[in-house]
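K.L.:
Fold the stuff below for me.
(one chain, ligands or ions: 1)
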Amino acid sequence: MNPAEILLKDMFLAQRRIDGMIRTTPLIDASLLSQRSGRQVRLKLENLQKTGSFKLRGAANALLTLSDSQKANGVLAFSTGNHGRAVAWVARQLGIRCVVCLSERVPAFRVQAMENFGAQVVQKGTSQDDAYEVALKLEKDDHLTLINPFDDPFVIAGQGTIGLEILTQAPDIDTLVVPVSGGGLAAGVAKVLKTADPSITVIGVSMDCAPAMYLSIKAGRPVAVEEKDSLADALLGGIGLNNQHSYPMVEKYVDTIELVTEAEIEQGLVHAFLHHGMLIEGAAAVTLAWLQKNQTHRSGNNIVGILSGGNMDTDLFSSILARHTNQTKSS
Ligand SMILES: *Cc1c(COP(=O)(O)O)cnc(C)c1O
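P.N.:
Okay, the predicted model is just below:
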């Protein structure tokens, strides 16, 4: 069997499995973006998902398919934050032990959130790869089951349930805009939409400072990237040099990956707050950054953008907002 092949049926199985654990999120009109671009622009609000990001869907689907002995031994996640938070939350619901390995670069507020969900957090090294090494050792020594944040068929199928919801809420969609890091989200949703209608355009968006999937697709194989700081911290990290599932699916189903700058991500964060009254995180703001940047020269008439998460550092956001408000006053 081709390891990359995840079927539409798997998304429906996931939907049934995780029903009751996740929330069906709203799809709202982005009235200002629609008005400015003369097209219908709608936003899928996964920032309102439980635990604050779509990662809950994949984590729930993966944990619910574990065997009894795997459940008894416990699970392990290595993650820049939202995946760890989601795995911790589901593990607590199911009464499963959960350990999360993180690099020391992960912001303290994210670590706190996972500890609040009852996870045991281990922080080591400066990159996600360092955290991964620790995770591999724990996996072996403690017989924990490692839940990959994106390169796992059940995780991808879980994220794909967003695609099923979008088809129900916006069956006239012709363009999807989706944030991309390891590609589990884009792979799952793109698979669903392209299966429904191959003419739907799927545009992935990453930050320009460390776009691992973008560079990998360009190179024709998974490549390592140097980690940088970004407002889209949930998009940092590599795609795994031995990627089995998300990379081939992104290559097959995502039409293009485009990049946005830190300044554009800031604009996206501020836009969400000022026009929708929502605090979103940088990884979700790449969607709005792309939409704001491409108001005129794109062809789609019915665009859906995914706002993937809302777990923003409020101190950081306050300082960004204060700066923007001052700029507006003085100009
Ligand atoms: C993980 C994450 C992404 C990227 O998802 P991938 O499946 O790794 O591409 C985007 N936004 C948020 C908020 C995330 O937590």
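K.L.:
Wait, residue 272 touches residue 281, no?
P.N.:
No: here residue 272 lies out of contact with residue 281, judged by CB atoms under 8 Å, at a distance of 9.6 Å. Placement of C-beta: from N, CA and C, glycine included.
K.L.:
helices and strands around the helix or strand where residue 248 lies, which ones?
P.N.:
Using DSSP states H and E, residue 248 maps to helix 246-253. Using 3 or more CB pairs under 8 Å, 6 or more residues apart in numbering; DSSP states H and E as the contact definition, the elements that helix 246-253 packs against are helix 184-196, helix 212-219.
K.L.:
Please identify the residues of this structure in proximity to the ligand?
P.N.:
When proximity is defined by CB under 6 Å from any ligand atom, the chain lies next to the ligand at 53, 55, 82, 150, 179-186, 234-235, 281, 283-284, 308-309.
K.L.:
For the ligand, what's the nearest residue on the stretch 1-150 of the chain?
P.N.:
With distances taken as CB to the nearest ligand atom, the stretch 1-150 of the chain approaches the ligand most closely at residue 82, which sits 3.3 Å away.
K.L.:
so who does that residue touch?
P.N.:
Contacts for residue 82 (CB atoms under 8 Å, 6 or more residues apart in numbering) come out as 51, 52, 53, 55, 110, 234, 283, 309, 311.
K.L.:
Please repeat the previous calculation with a cut-off of 10 Å.
P.N.:
When contacts are counted by CB atoms under 10 Å, 6 or more residues apart in numbering, residue 82 is found next to 49, 51-56, 59, 110, 113-114, 149, 233-234, 281, 283, 308-311.
K.L.:
What segments of the stretch 101-250 of the chain are helices?
P.N.:
Ranges of helices within the stretch 101-250 of the chain are 108-116, 128-142, 153-169, 184-196, 212-219, 246-253, based on DSSP state H, counting those that start in this stretch.
K.L.:
Save the ones you listed as TSV, and put in mean pLDDT too.
P.N.:
TSV is the format used below for the helices of the stretch 101-250 of the chain (pLDDT from 0 to 100):
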stretch	mean pLDDT
helix 108-116	86
helix 128-142	85
helix 153-169	98
helix 184-196	98
helix 212-219	98
helix 246-253	98
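K.L.:
Which single residue of this structure approaches the ligand most closely?
P.N.:
For the chain, CB to the nearest ligand atom, closest residue to the ligand: residue 309, 2.6 Å.
K.L.:
My read is that that residue contacts residue 44, right?
P.N.:
No: under the contact definition of CB atoms under 10 Å, residue 309 does not touch residue 44, with a separation of 11.8 Å.
K.L.:
which neighbours do those two share?
P.N.:
Common neighbours of residue 309 and residue 44 (CB under 10 Å, 6+ apart) are residue 54.
K.L.:
Next, the contact list for residue 142, please.
P.N.:
Neighbouring residues of residue 142 by CB under 10 Å, 6+ apart: 73, 74, 76, 97, 99.
K.L.:
Go again with 8 Å.
P.N.:
73, 74, 76, 99.
K.L.:
next one: residue 193
P.N.:
Residue 193 makes contact with 163, 166, 167, 173, 176, 200, 202, according to CB under 8 Å, 6+ apart.
K.L.:
run the last query once more with 10 Å
P.N.:
With CB under 10 Å, 6+ apart as the criterion, the residues that contact residue 193 are 160, 162-164, 166-167, 173-176, 178, 200-202, 253, 304.
K.L.:
The protein - how does it break down into domains?
P.N.:
Residue ranges for the structural domains of the chain, counted by automatic domain parsing, are given in the record as 3-53+155-327, 56-147.
K.L.:
sorry, back to before: from the helices and strands packed on helix 246-253, pick the one with the highest average neighbour count.
P.N.:
For the helices and strands packed on helix 246-253, the stretch with the most neighbours on average is helix 184-196, a mean of 27; neighbours defined as mean count of other CB atoms under 10 Å.
K.L.:
can you give me the angle that one makes with helix 153-169?
P.N.:
Per axes from the mean of the first three to the mean of the last three CA atoms, to 10 degrees, the angle that helix 184-196 makes with helix 153-169 is 50 degrees.
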